[in-house]
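**Student:** coordinates for the following, if possible.
(one chain, ligands or ions: 2)
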Amino acid sequence: MSKIVTIERFILEYQPDYARGEFTNLLYDIALAAKVIAHKTNRAGLTDILGRAGATNIQGEQQQKLDVFADDIIFRVCDHTGRLCAMASEEREEIICIPEQFKKGSYVLVYDPLDGSSNIDVNVSIGTIFGIYRCVDWDLRGREEDVLQAGRKLVAAGYVLYGSSTMLVYTTGQGVHGFTLDPELGEFLLSHENMRLPDPPAYYSVNHAYYHRWSPAVQRYMRWLQGSEGEEEHAKPLSFRYIGSLVADFHRNLLRGGIFCYPAETKKPNGKIRLLYEANPLAFLIEQAGGYASDGANSVLDIEPTELHQRTPFYAGNRSLVYQLERYLREEAGQPVSDLVSGG
Ligand code: AHM
Ligand code: MG
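**Tutor:** Ligands and ions are numbered 1, 2, ... in the order given. Presented below is the predicted three-dimensional model:
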């Protein structure tokens, strides 16, 4: 019989050399917050029966929207533990400093508490995304520069998918590992050890409604994915899947192989995806799974952030697929393509 491994045991056994209690416990904290959010998310369909968001509940308190609830849970699980010097959330304008009454720690947490939240009302999968950095100056309380670090400096990243089951997938730079929540036990159990992007890839994901907002090179790339552009040997089309929930689209493509695209648009040159809370953690994960994430020109992980809520075009998936996109964009810009690996 195969052994049952809880997330606690796995984190402890496979923690990086530098990880003393602080880092390890921070991962436990995130797993705990994920369980609380999963519990609440599973009951989201009952909101109409038990009281709408924004309405007043039985105790006379305002009911929170689920994304605000998720943001608050992560903050409250992590603010007082002495493991963080700062946090930043997609839900909040400013960086989150650790309240003065609590000890500060050595790490920085960035998170999108509930991504794809427009999908909540239609019972479609949503997710939480997180990234962990070391703080820049361990002697100081958190400052904006702690949060504005390039993705290359992440020490851990992951996501939680609230789908047909709840899964937590994370990396500390030693492979990507997935855990499925057993709701009876209240434990995340190891279900996907050392996840690698399969090759050949199966899917591509993009919002095709925006086709006319993309540059000709991106449009050409979509035709290439569909098998109607380029060399004969590339003619096998990928299947198209788009949920409109980044974590769900990303997770499916990680398991089956493929690419997620959110391109630049004529009027939105940086696209939609947020660099700090969405693109960087998923870029770190995809590299750990053997893939690559690009803004169309370079690795997402090499972008030096200048603003908390900065956006970036985002292409993440099998290396060969992302390189082909970079090749078309370079050709369009009249730049050399010879240093790019051949797309397959
Ligand atoms: P959000 O952070 O406001 O939830 O937006 C991010 C979401 C992603 O989950 C998803 O990939 C994307 O928005 C979908 O956008 P669109 O509806 O433009 O295709
Ligand atoms: Mg989001």
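**Student:** every contact and neighbour count from this point should use C-alpha atoms.
**Tutor:** OK.
**Student:** start and end of stretch 164-177, how far apart?
**Tutor:** Length of stretch 164-177, first residue to last, C-alpha to C-alpha, to the nearest Å: 18 Å.
**Student:** quick check: closest non-adjacent residue to residue 261.
**Tutor:** residue 315 (4.5 Å; C-alpha to C-alpha, 6 or more residues apart in numbering).
**Student:** and that neighbour, what is it in contact with?
**Tutor:** Counting by C-alpha atoms under 8 Å, 6 or more residues apart in numbering, residue 315 touches 259-263, 293-296, 322.
**Student:** for residue 123, see how far away the residue in the stretch 1-150 of the chain that ligand 1 sits nearest to is.
**Tutor:** Ligand 1 sits closest to residue 116 of the stretch 1-150 of the chain, with a gap of 3.5 Å, by C-alpha to the nearest ligand atom. To residue 123, residue 116 is 11 Å away according to C-alpha to C-alpha.
**Student:** more crowded one of those two?
**Tutor:** Higher neighbour count among residue 116 and residue 123: residue 116, with 20 against 13, using other C-alpha atoms under 10 Å.
**Student:** my read: that one touches residue 126, true?
**Tutor:** Yes: with contact defined as C-alpha atoms under 8 Å, residue 116 counts as touching residue 126 (5.4 Å).
**Student:** overlap in contacts, the two.
**Tutor:** Contact criterion C-alpha under 8 Å, 6+ apart; residues shared by residue 116 and residue 126: 245-246.
**Student:** spell out which parts of the protein neighbour ligand 1.
**Tutor:** In this structure, the chain approaches ligand 1 at residues 115-117, 207, 244-246, judged by C-alpha under 6 Å from any ligand atom.
**Student:** buried only: go through those residues for me.
**Tutor:** 115-117, 244-246 (16 or more other C-alpha atoms under 10 Å).
**Student:** hang on, the earlier thing: can you give me the pLDDT of the nearest residue to the residue of the stretch 1-150 of the chain closest to ligand 1 once chain neighbours are set aside?
**Tutor:** Closest residue in space to residue 116, ignoring its immediate chain neighbours: residue 245 at 4.6 Å, by C-alpha to C-alpha, 6+ apart. pLDDT, residue 245: 97.
**Student:** for residue 79, same thing?
**Tutor:** 89.
**Student:** do the same with residue 339
**Tutor:** The score at residue 339 is 70. That number is its pLDDT.
**Student:** give me the number of residues near it?
**Tutor:** Around residue 339 there are 7 residues (other C-alpha under 10 Å).
**Student:** look up how far ligand 1 lies from it.
**Tutor:** Remark: distance between residue 339 and ligand 1 (C-alpha to the nearest ligand atom, to the nearest Å) = 30 Å.
**Student:** who are the neighbours in contact with residue 211?
**Tutor:** With C-alpha under 8 Å, 6+ apart, residue 211 has these contacts: residue 219.
**Student:** got the buried residues for the host helix or strand of residue 322?
**Tutor:** Using DSSP states H and E, the element containing residue 322 is helix 319-333. Across helix 319-333, burial judged by 16+ other C-alpha under 10 Å covers 319-330.
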